[in-house]
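Asks: need a 3D model of the following:
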Amino acid sequence: MSMQEEVKDFFKLESLRVHSEKNGNEPSSVHATIKISVNGDTEITMAEGSGHVCALDNVLRKALSKFYKIDLGSMRLIDYNANKIEGKGAASKVRVSIESGDEYENWTKIAIAKDIVDASWQALAKSFRYKLAKNGKK
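Replies: As a prediction, the model looks like this:
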């Protein structure tokens with residue numbers, strides 16, 4: 001697949017909100033709300049997950065299923081890795097690597113940002129765009 005195919009804009013992020021809640025000894029609950037647009041049509045969707053990345057994955061998958069008829073269920077998140085790359089303390093930049101795959105291949109997408117949720121979102125969005133490009137859906 002050429003780099004040109006991979007960078008097609010299959011969706012545009014309008015807004016994103018991630019909320020984490022911890023109650024006593026119960027496991028954390030994370031909710032993500034996303035507003036995306038595809039070819040001028042807008043979708044606002046909410047989903048939850050066991051962590052920030054899981055919630056982001058679930059909400060993007062749910063929103064994209066309104067626009068694309070490919071089987072996003074065959075795509076899975078295989079590995080997630082975050083590392084500090086420069087700076088000190090809270091001013092550090094983080095590098096997030098997300099490995100995803102389907103029944104045919106695995107791929108890794110990387111993003112760098114000052115905020116771990118932002119870097120996670122960017123890498124995850126790249127991964128979904130790759131899957132859509134791989135399946136020739138626009």
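
Asks: hmm, R17 is touching T33, no?
Replies: Yes: assessed by CB atoms under 8 Å, R17 is found in contact with T33 at 4.6 Å. Placement of C-beta: from N, CA and C, glycine included.

Asks: of those two, who's got more company?
Replies: For R17 versus T33, the count of surrounding residues by other CB atoms under 10 Å is larger for T33: 16 against 11.

Asks: report the separation between the more buried one and G24.
Replies: 25 Å (CB to CB, to the nearest Å).

Asks: what of K84?
Replies: Taking CB to CB as the measure, K84 falls 30 Å from G24.

Asks: before we move on, what about K109?
Replies: Distance of K109 to G24, given as CB to CB: 36 Å.

Asks: more neighbours: K84 and G24, which one.
Replies: Counted by other CB under 10 Å, K84 and G24 do not tie: K84 has more neighbours, with 12 against 4.

Asks: which residue packs closest to the more buried one, ignoring adjacent ones?
Replies: Excluding the flanking residues, the one nearest K84 by CB to CB, 6 or more residues apart in numbering is S92, at 4.6 Å.

Asks: kindly report the same for I112.
Replies: R95 (5.1 Å).

Asks: helix, strand or coil for that neighbour?
Replies: Three-state assignment for R95 (DSSP: H, G, I helix; E, B strand; the rest coil): strand.

Asks: count of neighbours near it?
Replies: 17.

Asks: retrieve the pLDDT associated with it.
Replies: At R95, the model reports a pLDDT of 96.

Asks: now do the same contact list for it.
Replies: Counting by CB atoms under 8 Å, 6 or more residues apart in numbering, R95 makes contact with 82-85, 110-112, 119.

Asks: and with 10 Å instead?
Replies: Counting by CB atoms under 10 Å, 6 or more residues apart in numbering, R95 touches 81-86, 110-113, 116, 119, 123.

Asks: thanks a lot, see you next time.
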